[in-house]
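**Student:** predicted model follows, preceded by the sequence.
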Amino acid sequence: MKKETWIRLLTLTIVFLFFLISPPWGFSDNKSTDSKKAEVTKTVKKIFDTRAKALVDHSFDQEALSFYYTKEKLGRWAHSHEKAKLDFVRMWVTKRGVDFIEAKSEIKIPWLEIRGNQAELIVNQTLMVGYVYKGETTINRFGIGTRHWMKLKKHQGKWLISQDFYTDGLGDDSLAPNPTPADGRPKGKAPKSFQKDSDKGSYDRKAAVRYADQYAGMAWGAGNNHQYNLKEYGDLSGLGGDCANYVSQCLADKNGGKIPLDGSWFYTINQDGFSGSEAWVRAPNFCDWLQYSGRGRLIAQGTFSELITPTKKFPAGAIAELQKGDVIGYGMGGEIEHVAIVVGWDSKGYPLVNSHTVDRYHCPWDMGYDKKTIYYLFHVTG
């Protein structure tokens, strides 16, 4: 037998004996990791289901508290953050005269990595919330989509939250660190003029709203398999926010409002990817363009309370002047930081909006914002 053959046989024998003594590292680690991933996935689903239940029960009970690793700073912060959000929701439903009666959460985990007793993961949540006005039976449903960067730590046999970073349309999508909803509630059905669908201009409002619903992202109710329109436009969520890019699409797309681009408001796609003008991608620039281009006009600006209060100029309140396809800007300190598109009204004639960053579908227009937030109501003329 040749020397090379003896060497190969000896090598195979050693490897075989090694495997008898100890299973392959990859096999052992993979089996252990798969088991841990299953544990983490099950725990995370329970966490989000419990949070949804808390929206209806208005309680942050002992079970919800038990999911947090409060021995670490970020774990304590995650817990207090979630409690503050629930406090906001509790105040909002009281001030608006509604009850949350449904909340259903669905999650996807596109990335999960485990190292020992530590887990790090991305969680995408699609949340549906249903509410009714006191004394009514009509259920109004809206959707929220959130992206979470979470870390979990296994402690005493349980996976606990040691970090949860995200922006949420229910309670902290505001410039205020601890938002408090404004006082006030709808005073009955809105007048018919409040619910007009069309204008004499060239702007296709119905198509703009259909586009907005199709591409509302991860929010419950959205189409396109909860994906943005990435075939034709970029996603700027990680570059300061995608809200203006989204509203621009709704107004301009050939399947949307069909407003033509111009020298200030435009986007490009080339070998370097997607890019847009300042007016296309930045909320304050977009709102400036809307006014000064003649494509829209500012109806009114003010706090929530100011805009719902009847005046001589606006007998039903300035908010009653909005139509489907119009735009609301949100800001504090004199600058608009966010924009959303009006897509309809709930059973009491309360304006509903869609937006990106965070993803919203038919969401009450002030949900998540502070009593000091300044709203800018824009009528799009096309």
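**Tutor:** Done, it's in.
**Student:** can you show me the strands along the stretch 1-150 of the chain?
**Tutor:** Per DSSP state E, counting those that start in this stretch, the stretch 1-150 of the chain carries strands over the ranges 98-115, 118-133, 140-155.
**Student:** just the buried residues of stretch 362-373, please?
**Tutor:** 362-371, 373 (16 or more other Cβ atoms under 10 Å). All C-beta atoms are positioned from the backbone trio N, CA, C, and that covers glycine.
**Student:** quick revisit: of all the strands of the stretch 1-150 of the chain, which one is nearest Leu251?
**Tutor:** Shortest distance between Leu251 and the strands of the stretch 1-150 of the chain, using Cβ to Cβ, is found for strand 140-155: 21.3 Å.
**Student:** mind checking how far the next helix or strand after that closest one is from the chain centre?
**Tutor:** Next along the chain after strand 140-155, taking DSSP states H and E as the criterion, comes strand 158-165. The gap between the average C-alpha position of strand 158-165 and the chain average comes to 20 Å, counting by Cα atoms, centre = their mean, to the nearest Å.
**Student:** now strand 158-165: mean pLDDT?
**Tutor:** The pLDDT scores in strand 158-165 average 97.
**Student:** between it and strand 118-133, how big is the angle?
**Tutor:** Relative orientation of strand 158-165 versus strand 118-133 (axes from the mean of the first three to the mean of the last three Cα atoms, to 10 degrees): 70 degrees.
**Student:** and the angle from strand 158-165 to strand 98-115?
**Tutor:** 110 degrees.
**Student:** adjust the sequence numbering to begin at 477 for everything that follows.
**Tutor:** Taking 477 as the first residue, the last one we looked at is strand 634-641.
**Student:** what are the buried residues along the helix or strand following strand 634-641?
**Tutor:** For strand 634-641, the succeeding helix or strand toward the C-terminus, using DSSP H and E, is helix 681-690. Buried residues in helix 681-690, defined by neighbour count with 16+ other Cβ under 10 Å: 681, 683-690.
**Student:** related to what we said a few turns ago, any chance of the strands of the stretch 477-626 of the chain in TSV, plus distance to Pro827?
**Tutor:** Shown next, in TSV, are the strands of the stretch 477-626 of the chain (distance: least, Cβ to Cβ, whole Å):
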stretch	distance to Pro827
strand 574-591	14
strand 594-609	15
strand 616-631	12
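**Student:** could you measure from the nearest residue to Pro655 once chain neighbours are set aside over to Ser769?
**Tutor:** Leaving aside its sequence neighbours, Pro655 sits nearest to Asp846 (Cβ to Cβ, 6 or more residues apart in numbering; 3.9 Å). Look at Asp846 and Ser769: by Cβ to Cβ, to the nearest Å, they are 30 Å apart.
**Student:** give me the number of residues near the residue nearest to Trp765 when sequence neighbours are not counted?
**Tutor:** Sequence neighbours aside, Ala755 is the residue nearest to Trp765 in space, at 3.7 Å (criterion: Cβ to Cβ, 6+ apart). By the criterion of other Cβ atoms under 10 Å, Ala755 has 23 neighbours.
**Student:** list the buried residues for the one helix or strand Ala755 maps to?
**Tutor:** Element membership for Ala755, per DSSP H and E: helix 754-757. Neighbour-count burial for helix 754-757, counted by 16+ other Cβ under 10 Å, picks out 755-757.
**Student:** other SSEs contacting the longest helix along the chain?
**Tutor:** Taking DSSP state H as the criterion, the chain has its longest helix at helix 501-533. Using 3 or more Cβ pairs under 8 Å, 6 or more residues apart in numbering; DSSP states H and E, the elements in contact with helix 501-533 are helix 538-541, helix 549-572, strand 574-591, strand 594-609, strand 616-631, strand 634-641.
**Student:** tell me which residues are up against the last one.
**Tutor:** The list of residues contacting strand 634-641 from outside it, by Cβ atoms under 8 Å, 6 or more residues apart in numbering, reads 515-516, 519, 523, 542-545, 548, 550-551, 554-555, 557-558, 595, 624-630.
**Student:** just the buried ones from these, in PyMOL syntax?
**Tutor:** Here is the PyMOL command that selects the buried residues among the contacts of strand 634-641 (16+ other Cβ under 10 Å):
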select buried, resi 515+516+519+523+543+544+545+548+550+551+554+555+557+558+595+624+626+627+628+629+630
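**Student:** before we move on, the earlier item: so what does the next helix or strand after the helix holding Ala755 touch, helix or strand wise?
**Tutor:** Counting by DSSP H and E, the next helix or strand C-terminal to helix 754-757 is helix 759-768. Secondary-structure packing of helix 759-768 (3+ Cβ pairs under 8 Å, 6+ apart): helix 719-728, helix 754-757, strand 772-778, strand 803-808, strand 811-821, strand 850-856.
**Student:** adding distance to Arg617 as columns, could you present these in CSV?
**Tutor:** Converted to CSV, the helices and strands packed on helix 759-768 look like this (distance: least, Cβ to Cβ, whole Å):
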stretch, distance to Arg617
helix 719-728, 21
helix 754-757, 31
strand 772-778, 28
strand 803-808, 20
strand 811-821, 12
strand 850-856, 23
